[in-house]
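Student: only geometry, no sequence info:
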């Protein structure tokens, strides 16, 4: 007995042309399977769909990083504009004001009035790109709203309730004492 194909040819149920076509299709299918390709179109569609989803996720992640970068640059530009516009230029003087920045003691030369304002919280020291700026309290608060990392030195004014039993409550502390 021969193969199924020979039996079908002898019985007259198929032609030699149909047998050759079936044989070549079978050979093509086996060749594709060896290469790893599938002849099933649904598998190919699934693969294409999965690739599209991966590309879409990658594009969304890239877009998200771009948005974060853009927002960060926008914040820096806003802070820079506030710092340059509200910087106090008439603060230079003969006194040295010390403050800490990145665990190091830094100092700027200021006048007496500026030193008192910095100590009382009416002025603040901000930094951008290694340069220090002295700002009034209100612009410093705007900078702090954007990001606290730009504020180097800012004293929060204390709103202590006055002690009723304090015998010296009516006496002011003089401002002209220099230590």
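Tutor: Great, that's in hand. Just so it is clear, the model here is predicted, and its values are computed rather than measured. Residues are numbered from 1 along each chain as shown.

Student: Count the residues that sit near residue 51.
Tutor: Applying other C-beta atoms under 10 Å, we find 10 residues neighbouring residue 51. Where C-beta positions appear, they are placed from N, C-alpha and C, glycine not excepted.

Student: quick one: pLDDT of it?
Tutor: Looking at residue 51, its pLDDT is 93.

Student: Please tell me how far it sits from residue 122.
Tutor: Distance check for residue 51 against residue 122: by C-beta to C-beta, to the nearest Å, it reads 61 Å.

Student: max-length helix in the protein?
Tutor: helix 41-86 (DSSP state H).

Student: after that one, next one along is what?
Tutor: Scanning forward in sequence from helix 41-86 by DSSP states H and E, the next helix or strand is strand 95-101.

Student: List the pairing partners of that next one within its sheet, with orientation.
Tutor: strand 104-110 (antiparallel) (DSSP bridges).

Student: For the partner strand, which residues meet the burial criterion?
Tutor: In terms of neighbour count (16 or more other C-beta atoms under 10 Å), strand 104-110 has its buried residues at 108, 110.

Student: I would like the residues contacting that strand, please.
Tutor: Strand 104-110 is contacted from outside by 91-100, 118, 125, 132, 134, 152, using C-beta atoms under 8 Å, 6 or more residues apart in numbering.

Student: swap the cut-off to 6 Å and go again
Tutor: The contact list for strand 104-110, computed with C-beta atoms under 6 Å, 6 or more residues apart in numbering, reads 91-93, 95-99.
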